[in-house]
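Trainee: based on what follows, work out the 3D shape:
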Amino acid sequence: MRNIKRTPWVWLAIGLELVIIVGILGWAIYKQNTKTEEAPPITYNTPAVTVGVITQGLKSPTAIVSTSDPTDSRLFVLEQDGLVRVIDGKGALAEQPFLDLRNNVSTGGERGLLGMAFHPKFATNGYFYVNYTNKDGNTVVARYQVATTNGQTAQKATTADPASAKIILQVTQPYANHNGGSLQFGPDGYLYIGMGDGGSGGDPENRAQDKTTLLGKMLRIDVDKGDPYGIPTDNPFASQADVKHEIWAMGLRNPWKFSFDKTAGDLYIADVGQGEIEELNFQKAKDKTGLNYGWRCYEGSKVYQPAGCLEASAYTNPIIEYGHEEDRCSITGGYVYRGKLYPALDGIYFYADFCSGQLYYAEKKDDKWQSSLALKAPYRISSFGQSSTGELFFADYTNGAIYLITDSAN
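Mentor: Numbering: from 1, shown residues only. Take a look at the predicted model:
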């Protein structure tokens, strides 16, 4: 056999290869016999919900709104007679209103200034939208712009320009009640509008099931396209003739407050009942559109007026419902908590009953929705609000106070 002469460089290369092989084998053995230490999950006590007043001196508050800018700590509170008031991050109520619509608004009963939403690009365009009943009692959705001077940014503006009004939508209201009124921009950037069935009792003209009217519906429009708005192409009835293309969902009686989960994007709709049942409806983010929540065929999950109705499977049942025992009468929808101050509340949805002062929270456990009574207090809870950082508040309609929701157990 031929002798092969190995130079020192060859021996060095062989040695390096052996070192690498031994190292790889050693690391594999180490990993196989070493268990990774995982941080134990954080556990919390059962929440003990408490509330603290942050502001008083308001008159019949109907909504609490904030911008989406986490550096903007202001809360904007709507008063039923037409004023938009501002509360700073320390709880001080500004004397000068942000906007005065008292000359535009009819008020009393269920009428008034009912909803407001800031455009997702408010920081650059200064736009926001309001929902009110005008002097004729009809629903108006209008766009306004903040008043800025000397290069002032929208977030620093302290008032709106009343001359900037642009009416986006008007809906004739046949009766004085069931006006809905809430406005929210969804995660998709479209404006959602909650419309009641037009009023009276029992939806006598069956408007909530009629696709040729906007009443009794959740509407969805594109305020950035068209004049005064465009129809999103994926609205459920956008391509159908002889129906209202703005419709996103139907079968609602009087959706008194709806909201989107900041994190999950799910939609929660609190719908005031007729005489027996209050209900909370739900649409999971990216679920099918065109849901029918059943009114007036159903009040909650109970048959109300079956004439002309479809099979039960055509309707979406509420995730939570309750009766009128214990002085309950009217559900006020809230928000899912996504703040940082009270981590045990994360993912919990808060709502209340207007008459009883009962504050509830709901969450889904083991694929079932469960609701718990957080507290009962002498409040007429007319609205919830969410700060730009996800903290939750509610308004006492009677005493004109705003409260912060807290957790004293964690």
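Trainee: just give the nearest non-adjacent residue to Ala409, would you?
Mentor: Excluding its sequence neighbours, the residue lying closest to Ala409 (C-beta to C-beta, 6 or more residues apart in numbering) is Ala48, at 3.7 Å. All C-beta spots, glycine's among them, are computed from the backbone N, C-alpha and C.
Trainee: tell me the contacts of that neighbour?
Mentor: Contacts for Ala48 (C-beta atoms under 8 Å, 6 or more residues apart in numbering) come out as 407-409.
Trainee: closest one to Ala163 out of those, please.
Mentor: Nearest to Ala163 among those, counting by C-beta to C-beta, is Asp407 at 44.5 Å.
Trainee: the residue lying closest to that closest one once chain neighbours are set aside: neighbour count?
Mentor: The shortest distance from Asp407 to any non-neighbouring residue, by C-beta to C-beta, 6+ apart, is to Tyr342 (4.0 Å). Residues near Tyr342, counting by other C-beta atoms under 10 Å, number 21.
Trainee: got it, and the one 3 residues further on?
Mentor: Burial of Leu345, expressed as a neighbour count using other C-beta under 10 Å, amounts to 25.
Trainee: touching, it and Tyr337? I think so.
Mentor: Yes - using C-beta atoms under 8 Å, Leu345 makes contact with Tyr337 at a distance of 4.2 Å.
Trainee: could you tell me which residues touch both of these two?
Mentor: Jointly contacting Leu345 and Tyr337 under the rule C-beta under 8 Å, 6+ apart are Ile405.
Trainee: how about low-confidence regions in this structure?
Mentor: The model of the chain has pLDDT under 70 over residues 1-37.
Trainee: any idea which element the residue most central in space within the chain lies in?
Mentor: Centroid-nearest residue in the chain: Ser259, 1.5 Å away (criterion: C-alpha atoms, centre = their mean). If you go by DSSP states H and E, Ser259 is part of strand 255-260.
Trainee: what lines up beside that strand in the sheet?
Mentor: strand 267-271 (antiparallel) (DSSP bridges).
Trainee: so after the partner strand, what's the next helix or strand?
Mentor: strand 278-283.
Trainee: distance from the chain centre to that following strand, please.
Mentor: 13 Å (C-alpha atoms, centre = their mean, to the nearest Å).
Trainee: pull the CA atoms of it into CSV?
Mentor: Below are the C-alpha coordinates for strand 278-283, written out as CSV (Å, rounded to 0.1, in the frame of the first residue of the first chain):
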residue,chain,number,x,y,z
GLU,A,278,-82.2,42.0,28.0
GLU,A,279,-79.6,40.6,25.7
LEU,A,280,-75.9,40.8,24.8
ASN,A,281,-75.1,39.8,21.2
PHE,A,282,-71.7,38.9,19.8
GLN,A,283,-69.9,38.6,16.5
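Trainee: partners of that strand, with directions?
Mentor: When sheet partners are counted by DSSP bridges, strand 278-283 sits next to strand 267-271 (antiparallel), strand 320-322 (antiparallel).
Trainee: the residue nearest to the centre of the chain contacts Leu280, correct?
Mentor: No - using C-beta under 8 Å, Ser259 makes no contact with Leu280, being 11.1 Å away.
Trainee: neighbours of the spatially closest residue to the residue nearest to the centre of the chain that is not a sequence neighbour, how many?
Mentor: Closest residue to Ser259 apart from its sequence neighbours, by C-beta to C-beta, 6+ apart: Tyr335 at 4.7 Å. For Tyr335, the count of nearby residues is 27 (other C-beta under 10 Å).
Trainee: just checking, Asp81 touches Leu113?
Mentor: Yes - using C-beta under 8 Å, Asp81 is in contact with Leu113, at 7.2 Å.
Trainee: can you list residues touching both of those two?
Mentor: Each of 105, 107 lies in contact with both Asp81 and Leu113 under the rule C-beta under 8 Å, 6+ apart.
Trainee: mind checking which of the two has more residues around it?
Mentor: Legend: neighbour count by other C-beta under 10 Å for Asp81 and Leu113, higher for Leu113 (28 against 18).
Trainee: ok, that one - contacts?
Mentor: By C-beta under 8 Å, 6+ apart, the residues touching Leu113 are 62-63, 78-84, 101, 105, 107, 130-132.
Trainee: Glu246 is in contact with Leu219, correct?
Mentor: Yes - under the criterion of C-beta under 8 Å, Leu219 makes contact with Glu246 at 4.4 Å.
Trainee: find residues that contact each of those two.
Mentor: Ile193.
Trainee: among those two, which residue is more densely surrounded?
Mentor: Neighbour count, other C-beta under 10 Å: between Leu219 and Glu246, Leu219 has more, with 24 against 21.
Trainee: can you tell me the element the more buried one falls in?
Mentor: Per DSSP H and E, Leu219 falls inside strand 217-221.
Trainee: mutual contacts of Ser259 and Leu280, please.
Mentor: By C-beta under 8 Å, 6+ apart, Ser259 and Leu280 have these common neighbours: 268, 333.
Trainee: now do the contacts for the closest residue to Phe258 other than its chain neighbours.
Mentor: Distances taken as C-beta to C-beta, 6+ apart place Ile269 nearest to Phe258, at 4.2 Å, with adjacent residues excluded. Ile269 is in contact with 194, 218, 249, 252, 255, 258, 280-283, 293, 333, counting by C-beta under 8 Å, 6+ apart.
Trainee: repeat that for 7 Å
Mentor: The contact partners of Ile269, taken as C-beta atoms under 7 Å, 6 or more residues apart in numbering, are 218, 252, 255, 258, 281, 333.
Trainee: list the residues that contact the nearest residue to the first one once chain neighbours are set aside.
Mentor: Read that as Met218. Sequence neighbours aside, Ala249 is the residue nearest to Met218 in space, at 4.1 Å (criterion: C-beta to C-beta, 6+ apart). Each residue near Ala249 by C-beta under 7 Å, 6+ apart is listed here: 217-218, 283, 290-291, 293.
Trainee: which two in the residues you listed are spaced the farthest apart?
Mentor: For these, the farthest-apart pair by C-beta to C-beta is Lys217 and Gln283; their separation is 13.4 Å.
Trainee: looking at those two, which one has more neighbours?
Mentor: Per other C-beta under 10 Å, whichever of Lys217 and Gln283 has more neighbours is Lys217, with 28 against 21.
Trainee: great, nothing more from me.
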